[in-house]
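Trainee: everything below, folded, please.
(4 chains)
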Amino acid sequence: MVESLLALPPVSADPVRAGDTVLALAPMGEAVSLGAFAGAGRAALLARVRETFGVDLPEQPRAVASADGQVTFVWCGPTQWLALSLGESGAEGGLLARLRAACGDLCALTSQSDSRTTLRLSGPQAREVAGRLVPVDLHDAVFEPGHVALTLAGHIPVLIRQVARNPVTYEFLVFRSFAESLFHDLHVAMNGALS
Amino acid sequence: MTDAHMSSALATGVPQHRVAGGNGIDAGRTVRFTFDGRQYTGHPGDTLASALLAHGVRLAGRSFKYHRPRGILSAGPEEPNALVELRTGPRREPNTRATVAELYEGLSAASQNRWPSLAFDALGMNGLFSSVLGAGFYYKTFMWPAAFWEKVYEPLIRKAAGLGRAADEADPDQYEKATAFCDVLVVGSGPAGLAAALAAGRSGARVILCEEDSLTGGRLRAESRQLDAAPAWRWAEQVRAALEALPEVRIMERTCVFGTYDGGTYGALERVADHLPQPAKGQPRQRLWRIVARQCIVAAGAVERPIVFSGNDTPGVMLAGAVRTYLNRFGVAPGRRAVVYTCNDDGLRTALDLARAGVSVAAIVDSRPEGEGQGAQVARACGAPFLPGAAITAVKGRMAVSGVSVRDAQGREQRFACDLLAMSGGWSPNIALTTHQGMRPVYDEALCAFLPAALPPGMVVAGAAAGVFGTAEALRNGAQAGVRAAQACGFEAEQPALPDAEPESCAIAPLFHALAGVPSARWAKAFVDFQNDVTAKDVALAAREGFVSVEHLKRYTTLGMATDQGKTSNVNAIALLAEITQRAIGQTGTTLIRPPTQPVAIGALAGAHRGQHFKPARLPPTHQWAESQGAVFTANGLWQRAQWYPRPGETDWLQTVNREVRTVRGAVGFCDVTTLGKIDIQGPDAAEFLERVYVNAWKKLPIGRARYGLMLREDGFAYDDGTTARLSETHYVMTTTTANAGGVMAHLEFCHQWLWPELDVQFISVTDEWAQIAVAGPQARTVLRHVVDPAFDLSNEAFPYMAAGEVTVCGGVAARLFRLSFSGELAYELAVPARYGDALARRLMEVGAPYGIAPYGTEALGVMRIEKGHPAGPELNGQTTAHDLGMGRMLSTRKDFIGRHMAQRVALTDPARPTLVGLQPLNPADQVVAGAHLLPDGAPATAASDQGWVSSAAFSPTLGSWIGLGLLSNGPARHGEIVALHNPLAGTVVRARVVSPVFVDPEGARVHG
Amino acid sequence: MQTDRYSLFALLREAMRGNTGWKPAWRKATPAPTYDYVIVGGGGHGLATAYYLARRYGGQRIAVVEKGWIGGGNVGRNTTIVRSNYLLPGNEPFYECAMKLWEGLEQDINYNAMVSQRGVLNLFHNDAQRGAYIRRGNAMRLHGVDAELLDTQAVREKVPFLNFDDARFPIRGGLLQRRGGTVRHDAVAWGYARAADRLGVDIIENCEVTGIRLEGGRAVGVETTRGFIGAGKLGLACAGNSSRVAGMAGLRLPIESHVLQAFVSEGIKPFIDCVVTFGAGHFYISQSDKGGLVFGGDIDGYNSYAQRGNLPVIEDVCEGGMALMPRIGRVRLLRHWGGIMDMSMDGSPIIDHTPVQGLYLNAGWCYGGFKATPASGLCFAHLLARDEPHPVATAYRLDRFARGAVIDEKGMGAQPNLH
Amino acid sequence: MRLTCPFCGSRGVEEFTYRGDATVRRPAGEASAEAWVDYVYLRDNPAGPHQELWYHGAGCRSWLVVTRDTRTHQITEVRAARAVAQAEHKEGAA
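Mentor: I've put the predicted structure just below:
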């Protein structure tokens, strides 16, 4: 008997719009954290990831895509990264499995697929709106596509990254339990910035 | 009184005092407003003050203490007198300065701090007793009889206290916060600020120009000055346009930079919608900016000083610069016949502007001796009598000026009729932003001004704020500051071309008061601090009583503590004190000016996080489902958790909770326990790490098993507890209490990164990853069997108490199963990826229905943990030890761990410490209350008999009795004893037996079932 | 003839002669070469100590040395609240002793410090907080101190202007101490100074201590910017700077200096007639007799000797204010400032002799120093005069950390920024 | 106040939590009771440069050793605590 459970999205609201700026929940994908073990050596982990995914794990707050474009590696701290893909969480041959095979001996791998929710804010006012809540410099010469910041949006811890310049698009990775509150706060900020 | 009445009466209708010009108003359009219920009109660009003056309204407010009639003193935010209640209802805004309130259609303002009316104020008679009510009088009396202070005197004082009234309802408007970053922040858009912004902006630097006014230009709009042979304000507009065209320059009008904070952070308030009848939908009323700037140029200008003389607070006495502002910017003549009183050449310009506007200048009174300054010249140009070396000794008129007495250089008294007295004691640079970090200004004798000395890192001062007073000089000075600031940020900058400015004289001779030779009785009407009614006499009295430190003077007399923060009074006060105590002004010192530079609405500092959104709400994965079940929620830190699930027919919460407990104990129930902190711990040294953070042993924990762990703080007291399961040789998952989840994570990181960097281990929170649901009760296994996929053996042998492992559920969903029990029943915690939590709850309801399953909330959870004697938050309160909690034996003696050494201190190992016990009332119906104290039975209700307290209490439906957990001195030795539970707050005493804290199934048979 | 004693009669008489006869509140004393007692710190505690030493313990030749102007430290920078609503037996009798002294202070020192027992109400928002407050209230009652538990309805009747209907953390009730209230803070310093001065105490301002002279392991006096001043016994009452001054005698203390900000709004017509503390945010508020809302919150949380704080705490405090009282949104913050707190390792004070003979310590007041002022002075005077702790201050020993007999009201452990 | 996290860059103080003196060292297992009291309770509490521990909890979760003047709040150095501890460890081992 094959049963299954229905996945409930972390935010109940539909996308909201103010002017041409849109706030929406991004589709749920797979997320895995990588925590580098000291003993095995960081260089070994980088090499292994490079071998498998064709990309260097970023050493700075950046997000980089794998050579095939299927996986994004996001810097999460001096020894930690988050690998993101659009695949189905926990699936065979999925991200976690690939990572286990590639570097499971060199780092702690932990599923974060359900831990993190992604809210996407996009449009001409996105920078202005994000700046209402996020206390880091989002000027386009300072914070570019691929840049990442672990910070606070109001009171809520987030990982913000810019994913596109035209129109300006940010993704907020937020702990699932905070997602409704962050959605609300961003919505209020959108209305305020556009009035 | 009659003067004011008449002028008001005449005023309604045509604004009689409008004159030509007015570069800041749109004279072609009219807006209507009311003041004290009377209708008036003004123009867009007017302030409430300028519009009232245009109608000849003189009387604008009452002072704080003596309720003296007060007019409009200034044309800016330094205004101490003309404070009004703006708007009505929930938007009522007390103490709004009429001089900065922008006019909008339908504006409604009312005078404040008067009764029954502004023109006739009963408390005006306070002034008659000014010699009794002098500085600090209240410290000397109201002491007898002692009870009268609170019953009689203070209520009377409080009735008279305060200025305007706060709204009676919640503020309906929204507020917002934002952070901005720039290379160069320019504060102020007068000549220096504009030049600075232009120089810095053209270099390509990111520049923010903040102007608190609605228009850029500063004094350029207030003066009749020319730049490049055109009105100076036109140059300001050109520069504004040029700045606007620069992509990296942001002009923020109506934005006041109010504070300098550490690390180049500046607080600024943007008044987004205060000039509108009300904010548009979604629009915030105000916005708080935190501006992070590498360089800051303070070009905030200067504030003109009044002169201290008898009657200087009479309506119609106005700062000379303000008179020019009203003439030039607003096209309003604040009088018809004016006397100008000055000690400096800048003040003299007022006479020229007045004459140009057709106001007759009755006299020019210059404190400087003949030949000093340009007075004679100016007087000739205005056709006015010139009195050098003279002083104003008295002002005629009570509700409005009708004339002045002048003592000329020869000592002769002359009288001049007038309805306006323009005074200038010179200008005080606006240096507040330079002092917020504790830097003290120094006094410059030549400029008669306090100037900034040391500056916060990255800050420079330019223009009048730096004591550079002429327009041409300020332009140059500002441009240089802009160049230097841009260069400091690594930009190539050059000085922009500056406009030609006519030469102007700013010569000044010190003049702070005109009291020499005036009988000291009249000093009582010579005001230093207008709003707080501090007179020259009060300063003298304070000095006589020894309050000669400037800080003492301020605190004793309340000088400088009014809503204007002493902008117009501080320097005069210091000068007076210096003279009285025979010290130089520089030696006398200055008080530190505290932020904010302008008062800031509390709502703006709070921002959007209000009401239900005061703090974010964390929602567990089953939240929506629980809502659909009609659950009642409670806040547990930031989490919203289901407290209980009422069913139709249940009339109170206790009935519901009893039913939920009985369901678990008799059948099966489930509860979302996702909120417990979950930390994934992996690495070769994970086991060693756990050994060091927990008091008990971990290395021998088999894979697939969980263990209860207790952590101490380094000071030896209990910190947190939870179960930790071993998933593989190097992989553990730790649970923490809900309350300490974040703290434990930080603690682990601290231990790892700082104490034991040699340990190879990684942590990540998985609290949100897993929807963790406790399934508890005799039927728990049976129900789980319907959920957990058949390949997994759930039998007691295969999956015993404290087993842990990875399973799949509902046909392949990855899950973790832990056989843990908080309730004491056969119980499991099943964790599925959070997205499936909602569906899992629904599934459990479905498959559990035949077994009588029901969800239970935190309340039933709490009841059952009390029945089982498990310590939780009330027991783990940071003041208890492992021993206190009955876990002393867990402390390993074979290893080092956090807190081990300090836990051995004598006071922590004293057996007399209150220790965990159970409490069962002799009468089961007697309610046990958490917080009651434990006293020996029959002992007097005094602290000396106090031996502990009830930490947790609940009604146990299992026992049919109220029960409690408590911490009782020598507790474990006293099982069987009867103690008294004293709750004097409620007036109750309950007798209870001391028992084991484990009330239900003490042998623990059920969990193993 | 100069007027010395304060009364309504004196006020009227002086009014008739132009207020020319008032005596200075305290003499501008110059230091004598030596005193029996030298108190370092002309704040509330130091001045109160000198007063009680002279008045109750027969102390002779007493000096208070102050580096700036008296009352310029925390006695002049607090939010004026007095209360004795403490939980732990080490604290409660002491703060109640202070409360009783407040109640008779003005007649005692002939100075109206506006002691106003308008009530202190601590709100709670959940069952756990209720339990903790009941425990505290009952501890107070067992000590003979007044305390009342209010339910939501009773809170609503007492302070109807709070947010009861749209709250993230609804108000479930409160613990009220009616005898708590506010005192005009500056007046406490001036009143004690004046009263001590009249008993012959030398109050020496602008006299900064630069060293402690030790002879044979005994403290014999202080080096100051105005020369050496010998002392039979030397008492430190310089909270905020205790570590620095104690360091001059080679002592390390269980204390960190932290900044606490305080706030006052523009004056508005009084509508808050008690002290209210918010249990779900960092915020407490009262309204002064001038009409200003006086409020505060948490410490900034890092070591500091700068008397100023930063924006995040200001914002946090105002958020608390708006959550609790959304009608104050349009009331304006007028001033904010910081004071330097002696944050001790368990959140409770120290009144004890030190390992250095002749050197006594009154320190570690955290942010509870103002309310303690009279008892602190009395107990320190007792210790200085008798060389044994006052009965209500026996728990405030320095060795309690070594013994583990900490007095940790908040249960935060040895983490000063969390107390 | 702003701290420059060696990993995340310049950030507002609201992202960090404070722990206190970074000059004290946890005594070795067999240290005296006095050494423990010193470590847990006694502080230099200097007015001037102070080495202290901060936690970038709302950022990269790094513990930091910050040198900050307690009179001016000026920050002169920020280092990763782990690197500092590791260096000391090596020194101790050498």
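
Trainee: endpoints of stretch B:529-549, how far apart?
Mentor: Stretch B:529-549 has an end-to-end distance of 17 Å (C-alpha to C-alpha, to the nearest Å).

Trainee: starting at the chain centroid, how far to that stretch?
Mentor: What separates the centre of stretch B:529-549 from the centre of its chain is 31 Å, taken as C-alpha atoms, centre = their mean, to the nearest Å.

Trainee: tell me the domain ranges of chain A?
Mentor: According to automatic domain parsing, chain A comprises the domains A:16-26+A:115-193, A:30-111.

Trainee: so where do the helices sit in the stretch 901-1009 of chain B?
Mentor: Taking DSSP state H, counting those that start in this stretch as the criterion, the stretch 901-1009 of chain B contains helices spanning B:906-909.

Trainee: from it, which residue is nearest to chain D?
Mentor: residue B:901 (4.7 Å; C-beta to the nearest C-beta). C-beta: built from backbone N, CA, C; applies to glycine.

Trainee: check contacts around the nearest residue to that residue once chain neighbours are set aside.
Mentor: Spatially, and ignoring its direct neighbours in sequence, residue B:901 is nearest to residue D:36 (4.7 Å; C-beta to C-beta, 6 or more residues apart in numbering or on different chains). Residue D:36 is in contact with B:901-902, D:27, counting by C-beta atoms under 8 Å, 6 or more residues apart in numbering or on different chains.

Trainee: swap in residue B:972?
Mentor: Residue B:972 neighbours (C-beta under 8 Å, 6+ apart): B:886, B:915, B:917.

Trainee: neighbour-wise, give me the winner out of the residues you listed.
Mentor: residue B:917 (31 neighbours; other C-beta atoms under 10 Å in any protein chain shown).

Trainee: does any part of stretch B:576-587 sit near chain C?
Mentor: No - if you take C-beta under 8 Å from any C-beta of the partner chain as the test, stretch B:576-587 misses chain C, and the best it gets is 11.1 Å.

Trainee: list the contacts of that stretch.
Mentor: Against stretch B:576-587 from outside (C-beta under 8 Å, 6+ apart): B:308, B:442-443, B:445, B:512-513, B:528, B:536, B:539-540, B:543, B:548, B:550, B:553, B:574-575, B:588.

Trainee: from the residues you listed, keep the buried residues only.
Mentor: Buried residues within the contacts of stretch B:576-587, defined by neighbour count using 16 or more other C-beta atoms under 10 Å in any protein chain shown: B:308, B:443, B:512-513, B:528, B:536, B:539-540, B:543, B:548, B:550, B:553, B:574-575, B:588.

Trainee: taking the residues you listed together, which two end up most distant?
Mentor: Pairwise distances across the buried ones among the contacts of stretch B:576-587 (C-beta to C-beta) peak at 21.0 Å, for the pair B:443 and B:540.

Trainee: lowest mean pLDDT among the helices and strands of chain B, which one is it?
Mentor: helix B:2-11 (a mean of 42; mean pLDDT, DSSP states H and E).

Trainee: give me the next element, helix or strand, following the helix or strand containing residue A:171.
Mentor: Residue A:171 belongs to strand A:168-175 when assigned by DSSP states H and E. Proceeding N to C from strand A:168-175, the next assigned helix or strand is helix A:179-194, under DSSP H and E.

Trainee: and chain C, is that next one touching that?
Mentor: No - using C-beta under 8 Å from any C-beta, helix A:179-194 stays clear of chain C, coming no nearer than 10.6 Å.

Trainee: contacts only, for the residue in chain D that chain A sits nearest to.
Mentor: Residue nearest to chain A within chain D: residue D:60 (3.8 Å; C-beta to the nearest C-beta). Residue D:60 sits next to A:61, A:76-78, A:80, A:150, D:5, D:7-8 when contact means C-beta under 8 Å, 6+ apart.

Trainee: quick one: neighbours of the nearest residue to it once chain neighbours are set aside, just the number.
Mentor: Leaving aside its sequence neighbours, residue D:60 sits nearest to residue A:77 (C-beta to C-beta, 6+ apart; 3.8 Å). Here the number of neighbours of residue A:77 (other C-beta under 10 Å) works out to 20.

Trainee: tell me the bridge partners for residue A:77.
Mentor: residue A:80 (DSSP bridges).

Trainee: and the gap between it and residue B:751?
Mentor: 17 Å (C-beta to C-beta, to the nearest Å).

Trainee: so which residues on chain B come close to chain D?
Mentor: Where chain B comes near chain D, counting by C-beta under 8 Å from any C-beta, the residues are B:179, B:261-265, B:290, B:292, B:437, B:457, B:714-715, B:742, B:745-746, B:749-750, B:752-755, B:757-758, B:896, B:901-902, B:905.

Trainee: same deal with the stretch 201-350 of chain C?
Mentor: C:241, C:243-244, C:247, C:252-257, C:301-306, C:310, C:312, C:345.

Trainee: just the buried ones from the residues you listed?
Mentor: The neighbour-count test (16+ other C-beta under 10 Å) marks C:241, C:243-244, C:247, C:253-257, C:301-306, C:310, C:312, C:345 as buried among those.

Trainee: so which of those belong to helices?
Mentor: The helices, defined by DSSP state H, take in C:243-244, C:247, C:312 from these.

Trainee: what would these look like in a markdown table with distance to residue C:351 and pLDDT?
Mentor: Shown next, in a markdown table, are these (distance: C-beta to C-beta, whole Å; pLDDT from 0 to 100):
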| residue | distance to residue C:351 | pLDDT |
| --- | --- | --- |
| C:243 | 16 | 98 |
| C:244 | 19 | 97 |
| C:247 | 19 | 97 |
| C:312 | 34 | 96 |
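
Trainee: quick check: residues of chain D near chain C?
Mentor: Near chain C, when you scan chain D using C-beta under 8 Å from any C-beta, you find D:1, D:12-14, D:17-21, D:33-34, D:37-38, D:40-47, D:50, D:52, D:54, D:68, D:70-73.

Trainee: still on that earlier bit, inside strands: which ones of the residues of the stretch 201-350 of chain C next to chain D?
Mentor: C:255-257, C:301-303 (DSSP state E).
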